[in-house]
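Q: Starting from these lines, generate the structure:
(one chain, ligands or ions: 1)
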Amino acid sequence: MLQITYDESATGGGEITLQLAGAALKADAYFLALDSGCQPDSRSPTKVRAVLASLLGQWHELIASASAVDVVDLPFEFADEYIGCLRCQVGRDKVVITPGWLMTAGSTVVPSRACDTLPGADWEPQDDAAAVTVPRAELLNEIRRNQRMFSDTDSPRTDPTPIFEHFRGSYGTEMLVAAVAHFDLFGRLARLPRTLEELQQDLNLAERPAIVLTTALRAMGLLAADNANRFTLTPLAREHLVPGGPFDVGDYLGLAASAPGTLEMVERLRTNRPAGMDEGEAGAAFIYRDGVASAMEQADLARHFTLALAGRAKNVAPVLATVLDLKGVRTLLDVGGGTGIYSLALLKANPHLKAIVMDRPEVLKVAEEFAADYDVGDRFELLPGDMFADELPRADAILLSNILHDWDVPECRQLVTRCADALPASGRLFIHDVLLNDALDGPLPIALYSAALFTLTEGRAYSRAEYTGWLQEAGLQPGACRDTLIHCSVLEGVKKGFE
Ligand SMILES: C[S@@+](CC[C@H](N)C(=O)[O-])C[C@H]1O[C@@H](n2cnc3c(N)ncnc32)[C@H](O)[C@@H]1O
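A: Alright, predicted model coming up:
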């Protein structure tokens, strides 16, 4: 909803682009580079980023502390005779934002302290400015997310989320073509709406593939659910995806019916087994449980899959470290910690913390290499083990980062319960993962990631309601849920009782 980017290669100190709900506002960074109130003392892009971080920190403070009827101005463009700003009418839950100008010399204001010093100058809306209404909590989240991009050299300067969305897009194609060309799903539902269970029976699908398939199609706006929880067709699907209809496009989609990706998806849906698990294959990626072939037990494959996840972890971990408040946590157990990158970022942000990364032995060899780049000494421990079978060491907090989405519901419940049992009273469990809507009908990027997880592992994406249910079942009180990056959020459960 709010995206601020800084192109340091543009002339005049670089160009800042502020994108707000589809509208793009441009500003040059000249006065930000001259700012006298913010380290470092240079005119470099590093300085501009530091000033932007400071400015966004002030925005956050202003919006967070505004009372329900306040009007506040968020400056972003400093010019010779004016300051470009977002005028915000702050309500209790919503903020109405209008871009405009304050008629005062931007050059007289120190941008890194601008919000304290802005004179009460005349304000004019931009000629073509349309007001945008956004939820207040979401705006605060977005400001923080943008601030992090500029404030920490360990964090990426741009948000890689769109790249992940493009990568996961192919799973949408495969799901859609499978539904049209292999399962005649739209023809069946046009004849008779069906519940999930009825659809499973009809298509001979297990529950997990049926949920993943219907979630993807609902997120695409092709299926809906009626009051009796039966899947029905949306007008879009009814007009274009029912075989034989006057505007049916099914044959066009059928061009991909025999594409390798589609056939692979159909096979996964029919068998409910992840890739790599067939006779003579190396075993599934990312998951290990006793008695089942796992790629994570083989040195080269474990290394390959673990390093593949390092790219995402490097981007997300610094954000997790700013979002998680670990005051009072002395020991953190990172179950299935992989490279250990999340633990390492948390150690860096919390000098009092000790972290134990538990994973399979071949994976921990990679974690050991990553740890060598950090000065964490004996605060970082590697613990080879099986999270389903071995005793979990005592820790004040446990992190399950991108773990539960690899497993089916019984294993998720088992893991959450094992973690809860291992925690002391008031201990905290952090589930860091993507969240589907509670109705399992989107958002689309998560629904497509769910399809990817489904093909590679025994899991799928889950909703906040599903996670919350498992936390409660295990005796944990669900608490705060905060966004990190690349569609991930961290949901907290606190063990009830007193120490
Ligand atoms: C998807 S990766 C997540 C890695 C890391 N937490 C992250 O967020 O990038 C899942 C991790 O769980 C580990 N894992 C799977 N089954 C396990 C088991 N039974 N015991 C311990 N670790 C396991 C895998 O080796 C892998 O490193």
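
Q: Which residues of the stretch 151-300 of the chain lie near the ligand?
A: In this structure, the stretch 151-300 of the chain approaches the ligand at residues 286-289, 296, judged by CB under 6 Å from any ligand atom. For the C-beta atoms, the positions are set from N, CA and C on the backbone; glycine is no exception.

Q: swap in the stretch 301-450 of the chain?
A: Of all the residues in the stretch 301-450 of the chain, those lying near the ligand are 306, 309, 313, 336-338, 342, 358-360, 363, 386-388, 401-403, 406, going by CB under 6 Å from any ligand atom.

Q: hmm, back to that, by neighbours, which of the residues of the stretch 151-300 of the chain next to the ligand wins?
A: Neighbour counts for those were taken using other CB atoms under 10 Å; the highest belongs to residue 286, which has 26 neighbours.

Q: out of the residues of the stretch 301-450 of the chain next to the ligand, which are inside strands?
A: Secondary structure from DSSP state E places 358-359, 401 of these in strands.

Q: Who are the contact partners of the nearest residue to residue 492 once chain neighbours are set aside?
A: The shortest distance from residue 492 to any residue other than its chain neighbours is 4.1 Å, reached at residue 479 (CB to CB, 6 or more residues apart in numbering). With contacts defined as CB atoms under 8 Å, 6 or more residues apart in numbering, residue 479 is in contact with 428, 491-494.

Q: top of those residues by neighbour count?
A: Comparing the contacts of residue 479 on neighbour count, residue 493 comes out first with 26 neighbours (neighbours: other CB under 10 Å).

Q: helix, strand or coil for it?
A: Reducing the assignment to helix, strand or coil with DSSP: H, G, I helix; E, B strand; the rest coil, the entry for residue 493 is strand.

Q: hang on, isn't it packed against residue 423?
A: No - counting by CB atoms under 8 Å, residue 493 does not reach residue 423; the two are 9.0 Å apart.

Q: thinking again about what came up before, point out the ones among the residues of the stretch 151-300 of the chain next to the ligand that are inside helices.
A: In this view, those have no member that belongs to helices under DSSP state H.

Q: Quick check: the farthest pair among those residues?
A: Considering CB to CB, no two members of these lie farther apart than 286 and 289, which are separated by 11.5 Å.

Q: Which residues does the lowest-mean-pLDDT helix or strand in the chain contact?
A: Taking mean pLDDT, DSSP states H and E as the measure, the chain has helix 114-117 as its least confident helix or strand, at a mean of 76. Outside of helix 114-117, the residues within contact range by CB under 8 Å, 6+ apart are 55, 58-59, 61-62, 73-75, 78, 83, 109-110.

Q: change it to 7 Å
A: Applying CB atoms under 7 Å, 6 or more residues apart in numbering, the external contacts of helix 114-117 come out as 55, 58, 62, 75, 109-110.

Q: ranking these by neighbours, who comes first?
A: Within those, most neighbours by other CB under 10 Å means residue 55, with 27 neighbours.

Q: Identify the nearest residue to it in space, disregarding sequence-adjacent positions?
A: Distances taken as CB to CB, 6+ apart put residue 111 closest to residue 55, at 5.8 Å, once the chain neighbours are dropped.

Q: Spell out the residue ranges of the strands in the stretch 251-400 of the chain.
A: Counting by DSSP state E, counting those that start in this stretch, the stretch 251-400 of the chain forms strands over residues 331-335, 354-359, 380-384, 397-401, given from the N-terminal end onward.

Q: would a markdown table of those with mean pLDDT be doable?
A: Supplementary listing: the strands of the stretch 251-400 of the chain in a markdown table, determined by pLDDT from 0 to 100:
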| stretch | mean pLDDT |
| --- | --- |
| strand 331-335 | 98 |
| strand 354-359 | 98 |
| strand 380-384 | 98 |
| strand 397-401 | 98 |
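
Q: Next, format those strands as JSON lines and append mean neighbour count and distance to residue 226.
A: Supplementary listing: the strands of the stretch 251-400 of the chain in JSON lines, determined by neighbours: other CB atoms under 10 Å; distance: least, CB to CB, whole Å:
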{"stretch": "strand 331-335", "mean neighbour count": "25", "distance to residue 226": "40"}
{"stretch": "strand 354-359", "mean neighbour count": "25", "distance to residue 226": "45"}
{"stretch": "strand 380-384", "mean neighbour count": "18", "distance to residue 226": "50"}
{"stretch": "strand 397-401", "mean neighbour count": "26", "distance to residue 226": "35"}
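
Q: The ones you listed: which one's closest to residue 253?
A: Going through the strands of the stretch 251-400 of the chain one by one, with CB to CB as the measure, strand 397-401 comes closest at 36.4 Å.

Q: Contacts for the closest one, please.
A: Among residues not part of strand 397-401, those counted as contacts by CB under 7 Å, 6+ apart are 326, 329, 332-336, 342, 415, 419, 422-423, 427-432.

Q: Any chance of a PyMOL selection covering the buried ones in those residues?
A: Of these, the buried ones can be selected in PyMOL as follows, counting by 16 or more other CB atoms under 10 Å:
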select buried, resi 326+329+332+333+334+335+336+342+415+419+422+423+427+428+429+430+431+432
